[in-house]
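**Q** predicted structure and sequence below. I'll ask about it afterward.
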Amino acid sequence: MADRSDLEAAASAGVINAEQVGPLHDFLASRGASLRAAPGGEEDLRFIRNFHDVFLAIGIILFAIGLAVAIGTYVAGADTANEGAGLTGLLAAGSAAIMWGLGEIFARRRRLFLPAIAIVIALTLFSILAAAALYIGFVLGQGFDGAERGLESMPPELRNGILIAMAFGVLAPLAFYARFRLPFSIGLAGGGLASFVIVAALIWNFQQTVALLPALYLGLGLLLFSGGVAFDARDPQRNSRFSDNGFWLHFAAAPLVLTGAFGLIGQAFGDTTAMTLSPTAGLMASSEGATVRAAATLLVVAVLGFVSLLINRRVLIVSALLTTGVAIGILLNAVGLGAGALAASTLIVLGAFVLILGAGWHSVRRALLAWVRPDGPWARIFPPVAPAP
């Protein structure tokens, strides 16, 4: 099967069109998959190929930051706040248009994925800023005086403006994906959708939403996780754009699932703030029942690791490493270790866990999924490992 870089080189040489690279790669991948007895299913990082991509991405980031600073500097001399908001919106919209133009060069024509990731992030941020500033400057108008109110008494006009701005956190990456087929855009749009739902719930019913925030995190995370599994099922061999889409949806889902699950653990121990907003901070700040809470946290991590093994996605377990380390440290602290010994023991245990899991990944998956037939329907969700030679 032709490597994606070969197809991109052929597009640069004019042998094929740039628009044909993705579909042709997917077709060749599916043809090659049919010749294998069982899928390999590795998570290849196809968004970076060499340091040239990193160099370009750094340039795009610096350029976008420079545009943002230039906007702030220019509008600082506006006569009124409304005029400043309008100018900010127009300049941010122009900056978003510039980012789209860069996308035409680096994402569509040259198919450089890491620079395209930097472009879509900048495009999304400029789009959100433009929508918010234009709404304030041209819709709310001079007569609006409700900006000083709290969330509970926020006027509908301001709520609508916030929701419109947050909606562009979904629409901008979706438009970028529709045009350039960048898989990262799917994950960014998924994270934007989750943020939109959370913000909408907070501004319309703040008190109740705060109480239910962990469950909301968990539900949204599972929704994105299901979307990732759906893409994975279309490409269990992990060698096409569908698999990349699934990877970035899992990447967006993991912190939501973890925050929600750990937040529910915190609520079970009577903590309604720390574990909800930051699971790691909640564990570090907890005193009463800290050992039991840490053990429950490790149980959640173990379940997440089991699911990661089944669907062959390491990104899920990697997202939990920091919280896992804190939980291990709390458990080791219960035996009375000193500060140095505690830090060393925590890092050793955490590192050994990652090494053992990484080294035995395929062997454990082979044992867990021995019942899955390579050509059966379950193999699309739980891709089996080829038998050991």
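**A** Yep, it's here.

**Q** spatially central residue for the chain, please.
**A** Note on the chain: the residue nearest the mean C-alpha position is residue 252, at 2.7 Å, using C-alpha atoms, centre = their mean.

**Q** my guess is that residue meets residue 194, correct?
**A** Yes: contact criterion C-beta atoms under 8 Å: residue 252 and residue 194 qualify, at 7.2 Å. Every C-beta, even on glycine, is put in place using the N, C-alpha and C of the backbone.

**Q** which neighbours do the two share?
**A** Contact criterion C-beta atoms under 8 Å, 6 or more residues apart in numbering; residues shared by residue 252 and residue 194: residue 224.

**Q** mind listing the helices for the stretch 101-250 of the chain?
**A** In the stretch 101-250 of the chain, the segments counted as helices under DSSP state H, counting those that start in this stretch are 113-134, 156-180, 183-204, 206-234, 241-268.

**Q** distance to residue 105 for the ones you listed - can I get that in CSV?
**A** Listed next are the helices of the stretch 101-250 of the chain as CSV, based on distance: least, C-beta to C-beta, whole Å:
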stretch, distance to residue 105
helix 113-134, 9
helix 156-180, 11
helix 183-204, 17
helix 206-234, 27
helix 241-268, 20
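
**Q** nearest to residue 14, of those helices?
**A** Across the helices of the stretch 101-250 of the chain, residue 14 has its closest neighbour in helix 156-180 (19.5 Å, C-beta to C-beta).

**Q** for that closest one, packing partners?
**A** When contacts are defined as 3 or more C-beta pairs under 8 Å, 6 or more residues apart in numbering; DSSP states H and E, helix 156-180 sits against helix 81-103, helix 113-134, helix 183-204.

**Q** quick one: buried residues of that helix?
**A** 158-159, 161-163, 165-177, 180 (16 or more other C-beta atoms under 10 Å).

**Q** report the angle between it and helix 81-103.
**A** 10 degrees (axes from the mean of the first three to the mean of the last three C-alpha atoms, to 10 degrees).

**Q** which residues touch helix 156-180?
**A** For helix 156-180, contacts defined as C-beta under 8 Å, 6+ apart pick out 96, 100, 103, 107-108, 116, 119-120, 123-124, 127-132, 135-136, 139-140, 144, 146-147, 149, 182-183, 185-186, 188-189, 192-193, 195-196, 199-200, 203-204.

**Q** now a PyMOL select for only the buried ones of the residues you listed.
**A** Restricted to buried positions by 16+ other C-beta under 10 Å, the PyMOL selection for the contacts of helix 156-180 reads:
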select buried, resi 96+100+103+107+116+119+120+123+124+127+128+129+130+131+132+135+136+140+182+183+185+186+188+189+192+193+196+199+200+203
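
**Q** point out where the stretch 101-250 of the chain drops to low pLDDT.
**A** Scanning the stretch 101-250 of the chain for pLDDT under 70 picks out 141-154.

**Q** state the distance from the closest residue in space to residue 129 that isn't next to it in sequence to residue 76.
**A** Spatial nearest neighbour of residue 129, excluding adjacent residues (C-beta to C-beta, 6 or more residues apart in numbering): residue 92 at 4.2 Å. Per C-beta to C-beta, to the nearest Å, residue 92 is found 15 Å from residue 76.

**Q** give me phi/psi at residue 60?
**A** phi -70, psi -40 (degrees, to the nearest 10).

**Q** next one: it from residue 215, what distance?
**A** Per C-beta to C-beta, residue 60 is found 38 Å from residue 215.

**Q** neighbour count: the two, which is higher?
**A** Under the criterion of other C-beta atoms under 10 Å, the comparison of residue 60 against residue 215 puts residue 60 first, with 21 against 13.

**Q** for residue 49, what are phi and psi?
**A** phi -120, psi -40.

**Q** and residue 92 and residue 76? which has more neighbours close in?
**A** Between residue 92 and residue 76, residue 92 has the larger neighbour count (other C-beta under 10 Å), namely 24 against 8.

**Q** so who does that one touch?
**A** Residue 92 neighbours (C-beta under 8 Å, 6+ apart): 71, 126, 127, 129, 130, 133.

**Q** so what's the closest residue to the last one other than its chain neighbours up against?
**A** Right, residue 133. Nearest residue to residue 133, sequence neighbours excluded (C-beta to C-beta, 6+ apart): residue 89, at 3.4 Å. Residues near residue 89 by C-beta under 8 Å, 6+ apart: 129, 130, 131, 132, 133, 134, 135, 136, 137, 138.

**Q** the first one contacts residue 90, doesn't it?
**A** No: counting by C-beta under 8 Å, residue 129 sits too far from residue 90 to count as a contact (11.0 Å).

**Q** burial count for residue 318?
**A** 13.

**Q** identify the residues contacting the nearest residue to it once chain neighbours are set aside.
**A** Nearest residue to residue 318 in three dimensions, chain neighbours excluded: residue 254, at 7.9 Å (C-beta to C-beta, 6+ apart). Residues near residue 254 by C-beta under 8 Å, 6+ apart: 221, 315, 316, 318, 319, 320.

**Q** could you check how far residue 254 is from residue 100?
**A** For residue 254, the distance to residue 100 - C-beta to C-beta - is 29 Å.

**Q** and what of residue 53?
**A** Taken as C-beta to C-beta, the span from residue 53 to residue 100 is 20 Å.

**Q** kindly report the same for residue 350.
**A** In terms of C-beta to C-beta, residue 350 sits 42 Å off from residue 100.

**Q** can you pull the contacts of the closest residue to residue 85 other than its chain neighbours?
**A** Spatially, and ignoring its direct neighbours in sequence, residue 85 is nearest to residue 137 (3.6 Å; C-beta to C-beta, 6+ apart). Listed by C-beta under 8 Å, 6+ apart, the contact set of residue 137 reads 82, 83, 84, 85, 86, 87, 88, 89.

**Q** the fourth one reaches residue 131, doesn't it?
**A** No: counting by C-beta under 8 Å, residue 85 stays clear of residue 131, with 11.5 Å between them.

**Q** where does the stretch 251-389 of the chain have low pLDDT?
**A** Low-confidence segments of the stretch 251-389 of the chain, defined by pLDDT under 70, span residues 271-290, 323, 334-338, 386-389.

**Q** noted, bye for now.
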